[in-house]
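# Below are the sequence and a predicted model; questions follow.
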Amino acid sequence: MAYLLILNDVEQVRADNLLRYAYSEQDKPRHPLIALGAFCLMPNHFHLYATPVAEGGVSKFMQRLQTAYTMHFNEKHERSGSLFQGTFKAEHVDNDRYAKYLYSYIHLNPAKLTDASWKELGSRNFRKVKESVSTYPYSSLGEYQSGKHLITDPSRFPRYFSTTRDIEEHIDSWLDVRSEYAK
């Protein structure tokens, strides 16, 4: 997750050993390329809800992120070449309903690791899925639950969740609705 924080600056940053880097509040970018509203890093893909802060910020950030991660991965696995097929996919968020949905979609992605068919069939074990989503370490949900935003910047996004209870209720409602299909 250090990549998400440290590479997000207009100033060029060396990406050497970033995954071993212990980041903190002092590492927040002074001149960010993007603001992150939500993120989830999964074993084989990732989701970001981002908005540009600097000119061309999203493209610059994604290029840095993919390059830095590819370099790290190739070094770690003693290989060379690209990891990602084509360019990243982006969608413009043009309405409030879709924007709110993105928080759920991104934060509930780890549910697939516990119950692969939870979306289609509903969760077979609501508590277990909720626990796995709530404690997943590579998601911004923890920042929303704690109210401590190091990587995310909710000030640049619609304010759907004023309290930690709001985010909990939102996540629970999505898991509950999906669980209705299992009955």
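Yep, it's here.
# Quick one: residues in contact with the host helix or strand of residue 142.
Under the criterion of DSSP states H and E, residue 142 resides in helix 141-146. Here helix 141-146 makes contact (Cβ atoms under 8 Å, 6 or more residues apart in numbering) with 40, 107, 133-136, 149-152, 154, 161, 164, 167-168, 171. To be clear about C-beta, it is placed using only N, CA and C from the backbone, and glycine gets the same treatment.
# Which positions in that helix come out as buried?
The neighbour-count check on helix 141-146 (16 or more other Cβ atoms under 10 Å) flags 141-145 as buried.
# Now tabulate those in CSV and tack on pLDDT and distance to residue 67.
Listed next are the buried residues of helix 141-146 as CSV, based on pLDDT from 0 to 100; distance: Cβ to Cβ, whole Å:
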residue, pLDDT, distance to residue 67
141, 95, 27
142, 93, 27
143, 93, 25
144, 93, 29
145, 91, 31
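# from the residues you listed, which is closest to residue 176?
Residue 176 has its nearest neighbour among the buried residues of helix 141-146 in residue 141, at 16.5 Å by Cβ to Cβ.
# now that closest one: how far from residue 108?
Distance, residue 141 to residue 108, by Cβ to Cβ, to the nearest Å: 9 Å.
# just residue 72 next, same as before
Counting by Cβ to Cβ, the gap from residue 72 to residue 108 is 27 Å.
# could you give me the average pLDDT of stretch 102-121?
Averaged across stretch 102-121, the pLDDT comes to 87.
# How far away from the center of its chain is it?
Centre-to-centre, stretch 102-121 and its host chain are 13 Å apart (Cα atoms, centre = their mean, to the nearest Å).
# How are the strands of the chain distributed by residue range?
34-41, 46-52 (DSSP state E).
# Out of the ones you listed, flag the one nearest residue 128.
strand 34-41 (18.3 Å).
# can I get the CA coordinates of the closest one in CSV?
Output of strand 34-41 as CSV, limited to C-alpha atoms (Å, rounded to 0.1, in the frame of the first residue of the first chain):
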residue,chain,number,x,y,z
ILE,A,34,-4.9,12.1,-7.5
ALA,A,35,-7.2,11.9,-4.5
LEU,A,36,-8.2,8.3,-3.5
GLY,A,37,-11.7,7.8,-2.3
ALA,A,38,-11.4,4.1,-1.9
PHE,A,39,-9.1,1.2,-2.8
CYS,A,40,-8.8,-2.5,-2.6
LEU,A,41,-5.7,-4.5,-3.6
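# Please tell me the pLDDT value assigned to the residue most central in space within the chain.
Among the residues of the chain, the one closest to the centroid is residue 39, at 0.9 Å (Cα atoms, centre = their mean). Note on residue 39: pLDDT of 97.
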